[in-house]
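Engineer: all I have is the shape, not the residue letters:
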């Protein structure tokens with residue numbers, strides 16, 4: 001009994017926290033940003049045993065993890081469709097008087113995927129239910145787009161080592177079909193140029209504006225692996241809404257009706273690496289990497305409001321150093337008298353007397369910035385240099401809140417830091 005009380009108390013606190021976050025997001029939300037669609041479709045045709053089409057069949061589409069339902073009826077030609085369907089695990093149920101009930105097993109729907117489920121109804125009483133096991137075809141026959149996807153399970157369990165140097169899943173993308181990896185983590189999709197690729201998270205563009213593609217090794221365009229539900233790469237015959245030849249779409253996780261969570265710790269050090277080996281005779285610099293964090297998701301209100309959040313911290317400690325050129329003490333005071341190059345007064349166009357800038361002419365904001373953020377030199381061999389440890393610390397926090405207003409209206413708030 002005490003355990004149940006504690007669990008109920010914890011769930012109440014989570015609900016209160018999620019409501020507070022939701023109210024803040026709702027009050028601060030402005031005009032929605034234009035985004036690309038990550039939704040899929042479920043379509044099909046209903047026939048009877050004689051292959052004649054059956055109109056007026058009640059068709060229900062249910063997301064099995066959140067129990068969110070949508071309904072429609074088959075048209076005069078026996079067809080039905082559900083458009084703008086979010087990624088998830090779904091079940092289709094069909095019902096019409098004079099026929100046995102028809103139900104599929106849960107099937108996955110990927111981002112921008114069209115799944116066709118053609119149903120053949122059997123005449124009989126309503127008490128019998130027909131279940132079909134395999135519903136998703138192995139070959140895409142609904143559109144000519146060539147695409148491939150990596151699920152969260154694949155990202156977590158395939159033997160990638162990206163969590164020892166960074167948190168980007170870019171190495172997982174390299175093994176997908178139609179992807180050719182080049183230098184500096186740049187990609188060619190189906191033979192296109194690296195700058196002909198678009199990158200998005202939940203439909204919002206994260207394309208590197210300087211490189212018009214992934215750029216910077218892909219370290220700043222993906223959320224934490226714990227938050228990723230799926231990464232999809234599509235190239236040939238993309239929809240016209242995508243301005244480039246190739247597209248890399250990331251879809252984040254949302255909460256479900258089940259309260260669940262994860263915790264992880266990845267460690268990598270020189271003692272676990274096979275160096276020196278036959279190919280590399282030299283010992284690498286000592287490096288220790290710790291990547292740890294966790295995630296949690298569940299319902300705020302069952303079948304209506306769901307939350308999901310994740311945190312990941314990557315710490316890499318090494319013996320290498322990084323250097324930067326910084327001003328010496330006399331330069332910080334405006335004294336450039338030992339330089340032969342004249343320092344020009346911008347207000348008069350003439351050189352400062354003795355190449356010394358008067359203290360009253362030094363901007364107070366610039367002086368505070370210089371004293372607080374620009375370190376003094378600490379290398380004797382080079383008086384203009386400052387050296388720091390080449391350690392790296394990265395913190396990622398991702399949160400998402402989903403609310404279902406009706407079968408036709410759903411809203412998602414997400415924060416990716």
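Structural biologist: Thanks, I have the structure now. The structure displayed is predicted, hence computed values, not measured ones. Numbers count the residues shown, from 1 in each chain.
Engineer: can you map out the helices along the stretch 51-200 of the chain?
Structural biologist: All helices of the stretch 51-200 of the chain, identified by DSSP state H, counting those that start in this stretch, fall at 152-157, 170-173.
Engineer: in the longest one, what's buried?
Structural biologist: Across helix 152-157, burial judged by 16 or more other CB atoms under 10 Å covers 152, 154-156. From N, CA and C alone the C-beta is placed, and that goes for glycine too.
Engineer: same deal with stretch 338-357?
Structural biologist: For stretch 338-357, by 16+ other CB under 10 Å, it's 352, 355, 357.
Engineer: quick one: which of these is nearest to residue 89?
Structural biologist: Proximity to residue 89 was ranked across the buried residues of stretch 338-357 by CB to CB; first place goes to residue 357, at 67.5 Å.
Engineer: contacting residues for the spatially closest residue to the closest one that is not a sequence neighbour?
Structural biologist: Nearest residue to residue 357 in three dimensions, chain neighbours excluded: residue 334, at 3.4 Å (CB to CB, 6 or more residues apart in numbering). Taking CB atoms under 8 Å, 6 or more residues apart in numbering, we find residue 334 in contact with 356-359, 361-362.
Engineer: circling back: can you lay out the helices of the stretch 51-200 of the chain as a markdown table showing mean pLDDT and distance to residue 379?
Structural biologist: A markdown table is the format used below for the helices of the stretch 51-200 of the chain (pLDDT from 0 to 100; distance: least, CB to CB, whole Å):
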| stretch | mean pLDDT | distance to residue 379 |
| --- | --- | --- |
| helix 152-157 | 81 | 42 |
| helix 170-173 | 77 | 35 |
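Engineer: switch those over to CSV; also include distance to residue 208.
Structural biologist: Below are the helices of the stretch 51-200 of the chain laid out as CSV (distance: least, CB to CB, whole Å):
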stretch, distance to residue 208
helix 152-157, 21
helix 170-173, 12
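Engineer: out of those, flag the one nearest residue 233.
Structural biologist: helix 170-173 (6.2 Å).
Engineer: tell me what the closest one is packed against?
Structural biologist: strand 228-234 (3 or more CB pairs under 8 Å, 6 or more residues apart in numbering; DSSP states H and E).
Engineer: so residue 78 versus residue 90, what's the distance?
Structural biologist: Distance of residue 78 to residue 90, computed by CB to CB, to the nearest Å: 20 Å.
Engineer: looking at those two, which has the bigger crowd around it?
Structural biologist: The neighbour comparison of residue 78 against residue 90 (other CB atoms under 10 Å) goes to residue 90, with 26 against 19.
Engineer: give the contact list for the more buried one.
Structural biologist: Residue 90 neighbours (CB under 8 Å, 6+ apart): 42, 61-64, 106-109, 115.
Engineer: with residue 249 instead?
Structural biologist: 36, 38, 111-112, 200, 203, 231-234.
Engineer: if we use 6 Å, what do you get?
Structural biologist: Residues near residue 249 by CB atoms under 6 Å, 6 or more residues apart in numbering: 38, 111, 200, 232.
Engineer: which residue packs closest to the last one, ignoring adjacent ones?
Structural biologist: Looking back up the chat, that one is residue 232. residue 149 (4.2 Å).
Engineer: isn't residue 116 right next to residue 41, touching?
Structural biologist: No: contact criterion CB atoms under 6 Å: residue 116 and residue 41 do not qualify, at 9.0 Å.
Engineer: any regions of the stretch 201-350 of the chain where pLDDT drops low?
Structural biologist: Low-confidence segments of the stretch 201-350 of the chain, defined by pLDDT under 70: 209-220, 236-243, 273-286, 319-322.
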